[in-house]
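Asks: coords please:
(chains A and B)
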Number of protein chains: 2
Amino acid sequence: MTRLHDDPATFSEDALAGFLDAHAGRVVGVPGGVVRARATREGKVAVVVGGGSGHYPAFCGVVGPGYADGAVVGNVFTSPSATEAAAVSRAAHGGGGVLLTTGNYAGDVLNFGLAVEHLRAEGVDARYVAVTDDVASAGGDEVPKRRGIAGDVTVFKCASAAAEEGLDLDGVEEAARRANDRTRSLGVAFTGCTLPGADAPLFTVPEGTMSVGLGIHGEPGVSDEDMPTAAELAARLVDGVLAEAPEDLGEGSRRVAAVLNGLGTVKYEELFVLWRTVARLLREAGLEVVEPEVGELVTSLDMGGVSLTLMWLDEDLERWWRAPADSPAYRKGSTDALEQGPERSAEEAAAASAPPPEEASRGSEESRALVPDVVRGAEAVVAEMAGAEDELGRIDAVAGDGDHGRGMVRGSRAALDAAREAQEQGRGTGGAVRAAGAAWADRAGGTSGVLWGAALTAVGARLGDEARPGAADVVDAVDAGMEVLLRLGGASVGDKTMLDAIEPFRTALRERVEAGDDLATAWDVAATSAEEAATATADLRPRVGRARPLAERSLGTPDAGATSFGMVARTLAGVLRG
Amino acid sequence: MTRLHDDPATFSEDALAGFLDAHAGRVVGVPGGVVRARATREGKVAVVVGGGSGHYPAFCGVVGPGYADGAVVGNVFTSPSATEAAAVSRAAHGGGGVLLTTGNYAGDVLNFGLAVEHLRAEGVDARYVAVTDDVASAGGDEVPKRRGIAGDVTVFKCASAAAEEGLDLDGVEEAARRANDRTRSLGVAFTGCTLPGADAPLFTVPEGTMSVGLGIHGEPGVSDEDMPTAAELAARLVDGVLAEAPEDLGEGSRRVAAVLNGLGTVKYEELFVLWRTVARLLREAGLEVVEPEVGELVTSLDMGGVSLTLMWLDEDLERWWRAPADSPAYRKGSTDALEQGPERSAEEAAAASAPPPEEASRGSEESRALVPDVVRGAEAVVAEMAGAEDELGRIDAVAGDGDHGRGMVRGSRAALDAAREAQEQGRGTGGAVRAAGAAWADRAGGTSGVLWGAALTAVGARLGDEARPGAADVVDAVDAGMEVLLRLGGASVGDKTMLDAIEPFRTALRERVEAGDDLATAWDVAATSAEEAATATADLRPRVGRARPLAERSLGTPDAGATSFGMVARTLAGVLRG
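Replies: Numbering: from 1, shown residues only, chains lettered A, B, ... in the order given. The predicted structure is shown next:
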């Protein structure tokens, strides 16, 4: 179990402080994470990796020449915030744009995706790639739902080497996607890990058995099996990964990079015993293994487990895999020839991580005319949410943590305050909505707060601060908000989320407006569609995919996010009618 | 626990095979261990490290440019044999001599020391240094009895860098001794480790407590304490190491290298949390920490524990500590500038590891004249030991594993066979005794077999193959045998070992010969002294030092090794009388 800590609540910060001290001169701390001590050289694409902590050497251990430019460091097994991901990215940015990449987990996808939105809004070109190597977490027809495990190593390494080679952001993003497309992993677990300060493991595996495909945070696996010999396990891992080998590979597809990764308490000699047979089986399968890594590269505190990762190489990927790197926990070859930027102090790095000052630009007279309506809308939503808080909490508690009502109250209040302040500053309609969105994301807490904030920010950006928005503009703005939700949320329509209410809402709104209704009338019809759809989420068949096991438990209860969206839509319909 | 293995009996070999596969191109296997894939450059001193396995990355993980030239790999927690240590040394040898170094454990001291004798006999200059950093294992007045733990890292690294710099063997040995003199460690344990295939841990620590100073194989510690916070543990480790700081340090003594080492299941983030406070406390103590290492450097399978090592630097040690290295598990800086020898195949390396062919040189006529006496002596000892086997076994079982009688029977029979063969080959007196010693060491098994073999080999070397040895030569030869035992055995007179019988024997022998007695008369007197001293070992007060806890249990029983020596001496007295 995890034994050494001071205050468990500050475990991640304390570990980060110790890491920065031990590796002073190589890395410096910035708000939210770590960047190289020598700045990213002018024009080079910055690669920023991350995710929750508890996985060292992932992720801060691989920041350095030839590898990542920065790592965003969350709490144990918890995604860092979008604010943190953006801050590290700014400090890592060398003028060539930023590739952000993490394993494919909902929180990371959301927060790193939102960071990309922030960075782009500031004029920094940024992209995001989620690693999806874990073949046990979803079938071959649902690759985008697969989790990222030790495939982080091959994908991060290749993207970093491509950036070091001088590829532009398009090229580095393509490198990351290509590495991910050709990377497959399968893991097994023997024991769970213990969170700092906890008395019991986060999850357990029955003694004498192993769980195949169990995730590194205890996510469900595909089967429980008797504890095998090392040779039997080697065959299980090799067979499992080869069965999911990528198709349509070109020349060079018989060469693979390999990572045999220990999760924490499976030790080095055991890994080598295992590797002995893994290597033989890979060769018997006609594969040539290039520079395998056998060790602890992506851990999960003191979890007992192991995973095998293969990346099918092409000429580029092999060059990038072999390329030199010099980071605290991963070194290869000589990086003497790599050009680096100037050394910098922690203060300089922290200054570079700060967002550009908000310019509270005034809107045009036409655009300002609608701001009072925005404020009145916000006031009405605040009142509605105050009354609905308990009910939303009850609904949410069936399948979630029961805080949805609280989040809607806090978010809408923050949005109202921001809208009023925007009105006083003379900002336009778009500016007021953007300010409301930023405040909602910042202060609501939870996933729904981040999503509401992101959607409102997108809506505001579409409305703009010049022309007085008409009905068609509102329709487009709602679509823009929906697109952000689809991009960031990792869910689709039908997954029993707020999207199930928004989709019929925006469809009805567009249809009615295009049919000639005025905005208030169209909105009223659309709100009814949203309410009906929210209620219908209670009757949706549970999805059988592994990605949403919670849906089964909430059968018969409407989704809280869809319900609250219906309420907001209805409330705003009232405001629009005047 | 250790879970992954195939046949537990071949765990070490299987792990080594996997290691060699994973790091092909960096290292190659030879009988007994591992050497660099590119040979030690001509004239450079070779540094050969080692000990039992189960400690990865110690020891084979640090073979490479800037670090070790070879590693001898024993079974889990078991010293490799002298034959293995010599074989790896030959393969690592670049013509500049060999420094062998291990942690200070009886088996390693014995076998690596004996390997040094073999290498020297072959004309290869070789030295041995045992690392004694563990302050918990013996007091400051008994530093040579201290065990070696993670101080291996600082000592091996500095010796290796000194060799890479071009120092000769005297210089490299001095570097190792200086590094060791200035290195101190203290460790704690929370849980024991499990040997491959075992159902239960090798040792346990009560839940909720930590054992301070517990050795990495479960050797007793100095105190059991309640589980502390990380900050409390940091203070315990820093205070414990600083209290044993080396004295009489010159300039630069405020600069220290540091290793915060995880034993296996204390993971990286925990180590960093601990390091945060360790670093602060070291600074508050006025020390400047140079390039600390925080991670798993000397493990003990899946043991839960951690140790802090400090090496007080001088200018040389700091340069060696900072010097580049490129090995499978430890890389630092760029080794591009280091000159290396040519690449070589495993076959070439294995060929280099083979001992030079035995030349069964004929002795002079005078020297050959005594060989029949050697054979008769051996015949008499064989007969005596056959009768004494059960009694020696019973005595040995009180404090040991009861195999002493068996070992003496096997060893003496092998020696007799070898002496007869030497007689047929026309070898001289020295050659016959050397052959008998080599056969005894090879085939007796156990520590006493190695020691008897080494002593006889030294006796034979002194007797030579030219002149007919006189009484004074025999006296000198016995002294030579005793010196080897003192050097290799790790025990002193009074420790209740065979030395307690040999010391009065050789003293009496020299006195009587110098007083003018003939050899047979002097030997008879000396044999009586040996027999009396052997009996007296039953009455020796137990030693209180931690090094020999077994002595207490054997109080009242004579030492088996002293007893058998008395028997051999008496038997040979009969042969000498004719």
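
Asks: which SS class is residue A:257?
Replies: strand (DSSP: H, G, I helix; E, B strand; the rest coil).

Asks: what does the one 4 residues further on give?
Replies: Taking three-state DSSP as the rule, one finds residue A:261 in the strand state.

Asks: for the residue nearest to it when sequence neighbours are not counted, phi and psi?
Replies: Among residues not flanking residue A:261 along the chain, residue A:150 sits closest, at 4.1 Å (CB to CB, 6 or more residues apart in numbering or on different chains). The way it works is simple: take the backbone N, C-alpha and C, and place the C-beta from them, glycine included. Backbone torsions for residue A:150, taken as degrees, to the nearest 10, come to phi -70, psi -10.

Asks: my guess is residue A:150 contacts residue A:309. True?
Replies: Yes: proximity of residue A:150 to residue A:309 meets the contact threshold set by CB atoms under 8 Å, at 4.7 Å.

Asks: ok, how many other residues are close to residue A:383?
Replies: When counting by other CB atoms under 10 Å in any protein chain shown, one arrives at 13 neighbours for residue A:383.

Asks: hang on, the earlier thing: burial count for the residue nearest to residue A:261?
Replies: As a burial measure, residue A:150 scores 31 neighbours (other CB under 10 Å).

Asks: contacting residues for it?
Replies: The contact partners of residue A:150, by CB atoms under 8 Å, 6 or more residues apart in numbering or on different chains, come to A:133, A:185, A:187, A:259, A:261, A:297-298, A:307, A:309.

Asks: stretch A:159-170 and chain B in contact?
Replies: No: applying CB under 8 Å from any CB of the partner chain, one finds stretch A:159-170 out of contact with chain B, separated by at least 15.8 Å.

Asks: compute the first-to-last residue distance for that stretch.
Replies: 11 Å (CA to CA, to the nearest Å).

Asks: do you know how far residue A:98 is from chain B?
Replies: Using CB to the nearest CB, to the nearest Å, residue A:98 is found at 26 Å from chain B.

Asks: residue A:302 contacts residue A:196, correct?
Replies: No: using CB under 8 Å, residue A:302 is not in contact with residue A:196, being 10.4 Å away.

Asks: identify the contacts common to the two.
Replies: Shared contacts of residue A:302 and residue A:196 (CB under 8 Å, 6+ apart): residue A:2.

Asks: before we move on, the earlier item: are any of the contacts of residue A:150 buried, and if so which?
Replies: Neighbour counting by 16 or more other CB atoms under 10 Å in any protein chain shown classes A:133, A:185, A:187, A:259, A:261, A:297-298, A:307, A:309 among the contacts of residue A:150 as buried.

Asks: and the pLDDT at the residue of the stretch 351-500 of chain A found nearest chain B?
Replies: Nearest to chain B, among the residues of the stretch 351-500 of chain A, is residue A:353, at 21.4 Å (CB to the nearest CB). Turning to residue A:353, the model gives it a pLDDT of 95.

Asks: show me what contacts it?
Replies: Counting by CB under 8 Å, 6+ apart, residue A:353 touches A:30-32, A:35, A:87-88, A:90-91.

Asks: what residues does the stretch 101-250 of chain A put near chain B?
Replies: Within the stretch 101-250 of chain A, the positions lying close to chain B (CB under 8 Å from any CB) are A:190, A:196, A:227, A:229-231, A:233.

Asks: low-confidence regions, the stretch 451-578 of chain A specifically.
Replies: In the predicted model, the stretch 451-578 of chain A carries pLDDT under 70 at residues A:540-555.

Asks: 50 instead, please
Replies: The model of the stretch 451-578 of chain A has pLDDT under 50 over residues A:542-554.

Asks: and the nearest residue to residue A:538 once chain neighbours are set aside, which of the three is it?
Replies: Leaving aside its chain neighbours, residue A:538 sits nearest to residue A:558 (4.2 Å; criterion: CB to CB, 6+ apart). Following three-state DSSP, we place residue A:558 in the coil state.

Asks: next one: whichever helix or strand residue A:502 is part of to chain centre, how far?
Replies: Assessed by DSSP states H and E, residue A:502 sits inside helix A:499-514. In terms of CA atoms, centre = their mean, to the nearest Å, the centre of helix A:499-514 is set 28 Å apart from its chain centre.

Asks: just the C-alpha atoms of it, please, in CSV.
Replies: Written as CSV, here are the backbone C-alpha positions of helix A:499-514 (Å, rounded to 0.1, in the frame of the first residue of the first chain):
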residue,chain,number,x,y,z
LEU,A,499,-26.8,16.3,-25.5
ASP,A,500,-30.0,14.3,-25.8
ALA,A,501,-32.0,17.5,-24.9
ILE,A,502,-29.9,20.0,-26.9
GLU,A,503,-30.0,18.1,-30.1
PRO,A,504,-33.8,18.2,-30.6
PHE,A,505,-33.7,21.8,-29.2
ARG,A,506,-31.3,23.1,-31.8
THR,A,507,-33.0,21.1,-34.6
ALA,A,508,-36.4,22.5,-33.8
LEU,A,509,-35.0,26.0,-33.3
ARG,A,510,-33.4,26.0,-36.7
GLU,A,511,-36.5,24.5,-38.4
ARG,A,512,-38.8,27.1,-36.9
VAL,A,513,-36.6,30.0,-37.6
GLU,A,514,-36.0,28.9,-41.2
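
Asks: which secondary structure elements does it contact?
Replies: helix A:471-489, helix A:519-536, helix A:560-577 (3 or more CB pairs under 8 Å, 6 or more residues apart in numbering or on different chains; DSSP states H and E).

Asks: any chance of these in CSV, plus mean neighbour count and distance to residue B:327?
Replies: Shown next, in CSV, are the helices and strands packed on helix A:499-514 (neighbours: other CB atoms under 10 Å in any protein chain shown; distance: least, CB to CB, whole Å):
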stretch, mean neighbour count, distance to residue B:327
helix A:471-489, 20, 44
helix A:519-536, 21, 62
helix A:560-577, 23, 54
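
Asks: right, and those helices - which one's nearest residue A:496?
Replies: Evaluated with CB to CB, the helices and strands packed on helix A:499-514 place helix A:560-577 nearest to residue A:496, the distance being 7.6 Å.

Asks: longest helix of chain A?
Replies: Assignment by DSSP state H gives helix A:371-399 as the longest helix of chain A.

Asks: next SSE downstream of it?
Replies: Next element after helix A:371-399 (DSSP H and E): helix A:404-425.

Asks: then the helix or strand following that following helix to PDB, C-alphas only?
Replies: For helix A:404-425, the succeeding helix or strand toward the C-terminus, using DSSP H and E, is helix A:429-443. Coordinates of the C-alpha atoms in helix A:429-443 are reproduced here as PDB (Å, rounded to 0.1, in the frame of the first residue of the first chain):
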ATOM      1  CA  THR A 429     -23.800  40.700 -26.500                       C
ATOM      2  CA  GLY A 430     -21.100  38.200 -27.400                       C
ATOM      3  CA  GLY A 431     -18.700  39.700 -24.800                       C
ATOM      4  CA  ALA A 432     -21.400  39.400 -22.100                       C
ATOM      5  CA  VAL A 433     -22.100  35.800 -23.000                       C
ATOM      6  CA  ARG A 434     -18.400  34.900 -23.200                       C
ATOM      7  CA  ALA A 435     -17.800  36.500 -19.800                       C
ATOM      8  CA  ALA A 436     -20.700  34.500 -18.400                       C
ATOM      9  CA  GLY A 437     -19.300  31.300 -19.800                       C
ATOM     10  CA  ALA A 438     -15.800  31.900 -18.400                       C
ATOM     11  CA  ALA A 439     -17.300  32.600 -15.000                       C
ATOM     12  CA  TRP A 440     -19.500  29.500 -15.100                       C
ATOM     13  CA  ALA A 441     -16.600  27.200 -16.100                       C
ATOM     14  CA  ASP A 442     -14.400  28.700 -13.400                       C
ATOM     15  CA  ARG A 443     -16.800  28.600 -10.500                       C
END
